[in-house]
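Colleague: Generate a structure from the sequence data that follows.
(one chain, ligands or ions: 1)
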Amino acid sequence: MTARRIDGQEVARARHQDIARRSQAVTKARGRPPCLAALSIGDDHAWRVYQRRQRRLCGQLGLNYHDASLPADCPQDQLLAAIDQLNADEAIDGIIIQAPLPAGCATDVIQERLCPIKDVEGINPANLGLVVAGRDGFAPCTARAAWTLAQAAATDVRGMEAVVVGASVIVGRPVAQLLLAAEATVSVCHIATRDLAFHTRRADLLVVAVGKAGLITADMVRPGAIVIDVGINRIVDAAGQAQTVGDVDPGVWEVAGALTPVPGGVGSLTTTILVENTVAAAERR
Ligand code: NAD
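Modeller: Next comes the predicted model:
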């Protein structure tokens, strides 16, 4: 068997028309487009690449994009003051903060300062709480992207055996909650799980978000399972070439029923989810 490729770019493109239509409706009703603000700290290359994608997609779908920049060595008070300013700014609907934060800034303090209704990246625990309660909170974009691709591959996840490998607050836990809300039977595995393969082999739907290349091998996957690979790992292959790979070994293509590629899977959808959340935040306000 060769698994069907779940194409993140294709799923993202299919959502763009609807996001643009909703953005236009907000613009008409409010006299200005929805606006995403990015809070940048210093000059990080990976962040600038991600920002270019955010700016391009906002432009393409009719949103404004605002860049607020702080110096690399900014103290926590200055970062909190910048967040307060964006929280209070009537012209801003959504806020994303560059990660990782500068040394000396407490992640939980920063995340909690972000106004939940503008937290389109879903990092404030208040939003995670709403997701746990099955209500309309912003789930972290990567978790939402993984869930969206699972939905694209499965006709109905209700009653499915779903196994999530990885239990971080930003990916594994919210994915598990989204699956639970859809009435899948959910197990969550992590570093202390005793027999990982025992769990993964039971999965009709397997979501892997760990950050270890090749962790999930073909013998750990039930034939025909849907596999969502969230991992992003930079490796050097046998030929000395740098490569980006997921957590799933390439041999899994021969066993799974459907699989997300890396790159081209979950990562291709996260910016679209971020922009979609910004439009949703503008609609709610
Ligand atoms: P994290 O380090 O915060 O969490 C990793 C989780 O994996 C932990 O719960 C840990 O217990 C578990 N784990 C570690 N080793 C394990 C093992 N051997 N067996 C089972 N569980 C194990 O990582 P994160 O922030 O959740 O990110 C996970 C992966 O997803 C990384 O590769 C990251 O780069 C990627 N990621 C991708 C996107 C995207 O847009 N595609 C966004 C964010 C993160």
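Colleague: can you give me the strands for the stretch 101-250 of the chain?
Modeller: 161-165, 185-189, 205-208, 226-229, 233-236, 242-245 (DSSP state E, counting those that start in this stretch).
Colleague: Just the C-alpha atoms of the second one, please, in PDB.
Modeller: Read it as strand 185-189. Extracted in PDB, the C-alpha atoms of strand 185-189 (Å, rounded to 0.1, in the frame of the first residue of the first chain):
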ATOM      1  CA  THR A 185     -11.400   7.900  21.700                       C
ATOM      2  CA  VAL A 186      -8.200   9.700  22.500                       C
ATOM      3  CA  SER A 187      -4.900   8.500  24.100                       C
ATOM      4  CA  VAL A 188      -2.000  10.900  24.600                       C
ATOM      5  CA  CYS A 189       1.600   9.500  24.700                       C
END
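Colleague: Contacts for it, please.
Modeller: Under the contact criterion Cβ atoms under 8 Å, 6 or more residues apart in numbering, strand 185-189 has outside partners 159-167, 172-173, 176, 179-180, 196, 199-200, 202-203. Placement of C-beta: from N, CA and C, glycine included.
Colleague: For Leu57, find the nearest of the strands of the stretch 101-250 of the chain.
Modeller: strand 242-245 (20.3 Å; Cβ to Cβ).
Colleague: Any buried residues in the closest one, and which?
Modeller: Neighbour counts over strand 242-245 (16 or more other Cβ atoms under 10 Å) mark Val245 as buried.
Colleague: pLDDT averaged over it - what is it?
Modeller: Averaging pLDDT along strand 242-245 gives 96.
Colleague: quick one: strands adjacent to the next helix or strand after that strand?
Modeller: Counting by DSSP states H and E, the next helix or strand C-terminal to strand 242-245 is strand 258-259. Take DSSP bridges as the rule and strand 258-259 pairs in its sheet with strand 4-5 (parallel), strand 226-229 (parallel).
Colleague: so which of those strands is the most packed in?
Modeller: Comparing these by mean neighbour count (mean count of other Cβ atoms under 10 Å), strand 226-229 comes out on top with a mean of 28.
Colleague: Go ahead and name everything in contact with that one.
Modeller: So strand 226-229 is in contact with 3, 6, 146, 149-150, 153-154, 204-208, 216, 221, 246-248, 252, 256-262, 265-266, going by Cβ under 8 Å, 6+ apart.
Colleague: before we move on, back to that, and the ligand, which of the strands paired with strand 258-259 is closest to it?
Modeller: Smallest distance to the ligand across the strands paired with strand 258-259 (Cβ to the nearest ligand atom): 8.7 Å, for strand 226-229.
Colleague: near the ligand at all, that closest one?
Modeller: No. Judged by Cβ under 6 Å from any ligand atom, strand 226-229 and the ligand are separated, with a smallest distance of 8.7 Å.
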